[in-house]
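# quick one, structure for this:
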Amino acid sequence: MHLFTNSFIKITVSVCLFYLSSCSQNEIENPPTTIQKAEFTSKIITIADSAFGYQILKNNKVYIHQPYIPVITGNHHFKTKRDAESCCNLVILKLNKGIVPPTILLNELDSLKIKLKN
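Residues are numbered from 1 along each chain as shown. Alright, predicted model coming up:
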């Protein structure tokens, strides 16, 4: 019985060492590729005299066109440029973290103190 246990341990250790050495060799031969991060920029758009929206550009091309406040029912524009900028910055933050789609929640609009009604 002792001989069987000793052989089993040797075989197990050998298999583990072989596996570990093959993984290391594979990583050397095929290093992980670097994913180039997209560059997001923003542009605040004026809809009317006192209405705003925003665009998010990915590598200088329109990626998101948002003329309305997201998540609320109906088509309501941002009342101030600051509100549009705040929401836009949150969306870019989410995109940079890899959150796609960068869904905005009602409590996030509240935290940003975005005016939802006239």
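# Lys61: neighbour count?
For Lys61, the neighbour count with other C-beta atoms under 10 Å is 6. Every C-beta, even on glycine, is put in place using the N, C-alpha and C of the backbone.
# just the strands in the protein please.
Along the chain, counting by DSSP state E, strands occupy 40-48, 51-58, 61-66.
# which ones are touching the closest residue in space to Lys94 that isn't next to it in sequence?
Spatial nearest neighbour of Lys94, chain neighbours left out: Pro102 (3.6 Å); criterion: C-beta to C-beta, 6 or more residues apart in numbering. For Pro102, the contacting residues are 64, 90-91, 94-95, by C-beta atoms under 8 Å, 6 or more residues apart in numbering.
# what do you get for Lys61?
Applying C-beta under 8 Å, 6+ apart, we find Lys61 in contact with no residue.
# just send the strands of the chain back as JSON lines, with mean pLDDT too.
Converted to JSON lines, the strands of the chain look like this (pLDDT from 0 to 100):
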{"stretch": "strand 40-48", "mean pLDDT": "94"}
{"stretch": "strand 51-58", "mean pLDDT": "97"}
{"stretch": "strand 61-66", "mean pLDDT": "97"}
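# most tightly packed of those strands?
strand 51-58 (a mean of 18; mean count of other C-beta atoms under 10 Å).
# hmm, who's touching it?
If you take C-beta under 8 Å, 6+ apart as the criterion, strand 51-58 is touched by 38-47, 62-68, 77-81, 83-85, 87-88, 91-92, 95.
# try it again with 7 Å
38, 40-47, 62-68, 77-78, 80-81, 84, 87-88, 91-92 (C-beta atoms under 7 Å, 6 or more residues apart in numbering).
# of the strands of the chain, which is nearest Leu116?
Evaluated with C-beta to C-beta, the strands of the chain place strand 51-58 nearest to Leu116, the distance being 13.4 Å.
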